[in-house]
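Asker: Turn this into a structure:
(2 chains)
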Amino acid sequence: MKKILFFIIAFLLLAVAGFSQSVIEGTDKANNGQLKRMVFIQWDDWVPDPGTDWLGLPNNMEGWLYWDVLHNPYYTGDDRRPYRLGGTFDENYASLLLQEKDDKKIADSTKAVFNTNILTYTNMSGGDLDEPWALYFGNQFNTLTHEIGNKVATLATQSPEAYAGFTGDKYYKSYLEYLDVTNDRLSTLHQSLLDKGDRIVAYLEIMKELQKQNKIMNYMMGIYIAAATRMTTMPKVNQAAKKQVIPNTDPEIVKSILSNFSF
Amino acid sequence: MKRLLFVALLVVCHQLLQAQYYEILIHTDLPITQAENSAYKIARDYLYNNTLSSVKDHRQDVSLYSAGIEEVQRNIFNSLSNVSDGIKNGKALYYVAQRIPKIYTNLSTATSLAVGKPYLITIATSTVTIMIARITNLENYIQNFIAKSDDQTLITPTDRDKFVREVRNEVNILYTLSSSLVSNFKMYNLQDAINKVVPYKVFINMDKNIVTDLKTTFKF
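Answerer: Presented below is the predicted three-dimensional model:
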């Protein structure tokens, strides 16, 4: 029994020497009021009460001393909640919204200018993007630049005499040089970056020029063909041996002089 | 006695141990307010961040579009200020470059043909002077204007092509003129030589006299 009593006493003594804790629930109105002031909820939740009664005596001496005396500018100053309606955040945000609106306008304008530029660039681009060439001029120039060459090739088989005469003609040679230069010009214009209207006008001028040159060459070719045909169809004239007539009489002498000399 | 000592020891131990007692006060109103504040701040900051992102996007767009516009304008400017390889290395200028030395050769030949002939040397001197001046001008025109890339001079490729074409035509004309000059001088020299060998004018006059005489003397 004594032993049991001893252990109980010892246990109680040790228990007193150990940890002990307890949890108490409560509210902190002063801090809560400050938390409300720090963001957006409420500005004028002053705890402890800094107010005074009708005699001017503080309702709460601690509150009056803390707020009205020690932190008077804060207490009597403007509402400083950053996120309040119309507060610093709203001011900044409104400014940002205006900025965003301006930036959007600038972006839209730049986009419009960019689109115009891209359209202009596409319009001006040559090569595969050269629509007039793809739709019309390519075929036209292909026909025109090969027209005489094809005819000359046919001429070689049909009339070798005309072919030899035509290809030896100096005008045909200068035409070949012209064709060489024109093909080169067409290639440059087709590939260059230039205004679509300018390009079309240049194509039209070259086409007109080329048609004219081809017409001349066709005419010349016709002359050579006709000459060759005439030569082949012309009956061979037996040339009479030219009789050398020696005028003996005066009339004969005069006739001879009149027919042989030009004055 | 032992027991008393043991109890005393326990008491001493008790004194040595630091007893700690905590009272935890939980303010139940603060977490609610804090949560409310945080939620509101996060929501508003998210809104602000979204708008900032939008501004950033717009500015990136502006930067992108501006780069595109700059690129297009640069290309257009280059096409106006630079000479394309198509024109610089084109056939037209190639033929012009081939023809100009031939013109000089023709002029040299014409001058040599005119040596010793005062009536030809006058023509040769004036023609050669004019032609050389013209060719020199055309060469300068090609080098310093048509085939020169210059940021201060903006020319469309079609205009440049027209200029080249005009120069080529003019060089061709000069070449034909110089060839004609040479052939005329040669013909003139040949005719001069023939005239010296065969004084046909004398015969023509003689024939004329004979015929006139015959016409007046004889009746047919």
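
Asker: Where do the helices of the chain begin and end?
Answerer: Unless you meant another one, I'm taking chain A. For chain A, helices defined by DSSP state H occupy the ranges A:2-17, A:29-38, A:61-63, A:72-76, A:88-124, A:131-132, A:138-158, A:160-168, A:170-191, A:196-233, A:250-260.

Asker: please go with chain B instead
Answerer: Counting by DSSP H, the helices of chain B are B:2-16, B:29-81, B:85-88, B:91-114, B:118-141, B:157-197, B:200-217.

Asker: Centre of the chain to stretch B:138-150, how far?
Answerer: Chain-centre distance of stretch B:138-150: 12 Å, with C-alpha atoms, centre = their mean, to the nearest Å.

Asker: Next, the distance between the ends of it.
Answerer: End-to-end distance for stretch B:138-150, by C-alpha to C-alpha, to the nearest Å: 18 Å.

Asker: same thing with stretch A:61-71?
Answerer: 14 Å.

Asker: contact partners of it?
Answerer: A:Trp46, A:Val47, A:Pro48, A:Asp49, A:Pro50, A:Gly51, A:Thr52, A:Pro58, A:Tyr74, A:Tyr75, A:Thr76 (C-beta atoms under 8 Å, 6 or more residues apart in numbering or on different chains). In short, each C-beta sits where N, CA and C put it, glycine included.

Asker: Tell me where the model's unsure across the stretch 151-263 of chain A.
Answerer: For the stretch 151-263 of chain A, the stretches with pLDDT under 70 are A:234-245, A:261-263.

Asker: Residue of it closest to chain B, please.
Answerer: Here the stretch 151-263 of chain A gets closest to chain B at one residue, A:Thr188, 3.1 Å apart by C-beta to the nearest C-beta.

Asker: Report the central residue of chain B.
Answerer: Computing the C-alpha centroid of chain B and ranking residues by C-alpha atoms, centre = their mean puts B:Asn82 first, at 1.0 Å.

Asker: Spatially nearest residue to that residue, not counting backbone neighbours?
Answerer: Using C-beta to C-beta, 6 or more residues apart in numbering or on different chains and skipping the chain neighbours, the partner closest in space to B:Asn82 is B:Ser149 (4.4 Å).

Asker: dump the residue contacts of that neighbour.
Answerer: Contacts of B:Ser149 (C-beta under 8 Å, 6+ apart): B:Ser81, B:Asn82, B:Val83.

Asker: Tell me how far B:Asn172 lies from chain A.
Answerer: Noted for B:Asn172: a distance of 8 Å to chain A, by C-beta to the nearest C-beta, to the nearest Å.

Asker: so who does the residue nearest to that residue when sequence neighbours are not counted touch?
Answerer: Spatial nearest neighbour of B:Asn172, excluding adjacent residues (C-beta to C-beta, 6+ apart): B:Arg99 at 6.9 Å. Contact partners of B:Arg99, counting by C-beta under 8 Å, 6+ apart, are B:Val171, B:Asn172, B:Tyr175.

Asker: State the pLDDT value of B:Lys186.
Answerer: Per-residue pLDDT puts B:Lys186 at 88.

Asker: Run a quick neighbour tally on it.
Answerer: 13 (other C-beta atoms under 10 Å in any protein chain shown).

Asker: circling back to that earlier point, please report phi then psi for the residue nearest to B:Asn82.
Answerer: Torsion angles at B:Ser149 (phi, psi; degrees, to the nearest 10) stand at phi -80, psi 120.

Asker: Now do it, the pLDDT please.
Answerer: On pLDDT, B:Ser149 comes in at 86.

Asker: gap between it and B:Val55?
Answerer: Remark: distance between B:Ser149 and B:Val55 (C-beta to C-beta, to the nearest Å) = 42 Å.

Asker: Over to B:Leu154?
Answerer: Using C-beta to C-beta, we find B:Leu154 at a distance of 38 Å from B:Val55.

Asker: Neighbour count, distance to B:Pro118 and pLDDT for the contacts of B:Arg99 - can I get that in a markdown table?
Answerer: Shown next, in a markdown table, are the contacts of B:Arg99 (neighbours: other C-beta atoms under 10 Å in any protein chain shown; distance: C-beta to C-beta, whole Å; pLDDT from 0 to 100):
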| residue | neighbour count | distance to B:Pro118 | pLDDT |
| --- | --- | --- | --- |
| B:Val171 | 24 | 31 | 94 |
| B:Asn172 | 17 | 31 | 93 |
| B:Tyr175 | 20 | 27 | 94 |
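
Asker: What sits closest to the residue of chain B found nearest chain A if chain neighbours are left out?
Answerer: Residue nearest to chain A within chain B: B:Gly86 (3.1 Å; C-beta to the nearest C-beta). Setting aside the residues directly before and after it, B:Gly86 is nearest to A:Thr188 in space (C-beta to C-beta, 6+ apart), at 3.1 Å.

Asker: Check the burial of the one you found by counting its neighbours.
Answerer: Count around A:Thr188 with other C-beta under 10 Å applied: 26.

Asker: That one: what's it in contact with?
Answerer: B:Ser84, B:Gly86, B:Ile87, B:Gly90, B:Pro157, B:Asp161.

Asker: Pull the contacting residues for the closest residue to the last one other than its chain neighbours.
Answerer: Once its chain neighbours are removed from consideration, B:Asp161 has its nearest residue in A:Arg185; the separation is 5.9 Å (C-beta to C-beta, 6+ apart). A:Arg185 sits next to A:Ile206, B:Gly90, B:Ala92, B:Asp161, B:Arg165 when contact means C-beta under 8 Å, 6+ apart.

Asker: which parts of stretch B:133-151 are buried?
Answerer: B:Arg134, B:Ile135, B:Leu138, B:Tyr141, B:Ile142, B:Ile146, B:Ala147 (16 or more other C-beta atoms under 10 Å in any protein chain shown).

Asker: could I get those as JSON lines with distance to B:Val182?
Answerer: Shown next, in JSON lines, are these (distance: C-beta to C-beta, whole Å):
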{"residue": "B:Arg134", "distance to B:Val182": "17"}
{"residue": "B:Ile135", "distance to B:Val182": "16"}
{"residue": "B:Leu138", "distance to B:Val182": "20"}
{"residue": "B:Tyr141", "distance to B:Val182": "25"}
{"residue": "B:Ile142", "distance to B:Val182": "25"}
{"residue": "B:Ile146", "distance to B:Val182": "28"}
{"residue": "B:Ala147", "distance to B:Val182": "29"}
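
Asker: Considering only those, which also neighbour chain A?
Answerer: For chain A, no contacts are drawn from the buried residues of stretch B:133-151 by C-beta under 8 Å from any C-beta of the partner chain.

Asker: Closest to A:Ala112 out of these?
Answerer: Nearest to A:Ala112 out of the buried residues of stretch B:133-151 is B:Ile146 (C-beta to C-beta; 37.1 Å).

Asker: Okay then, goodbye and thanks.
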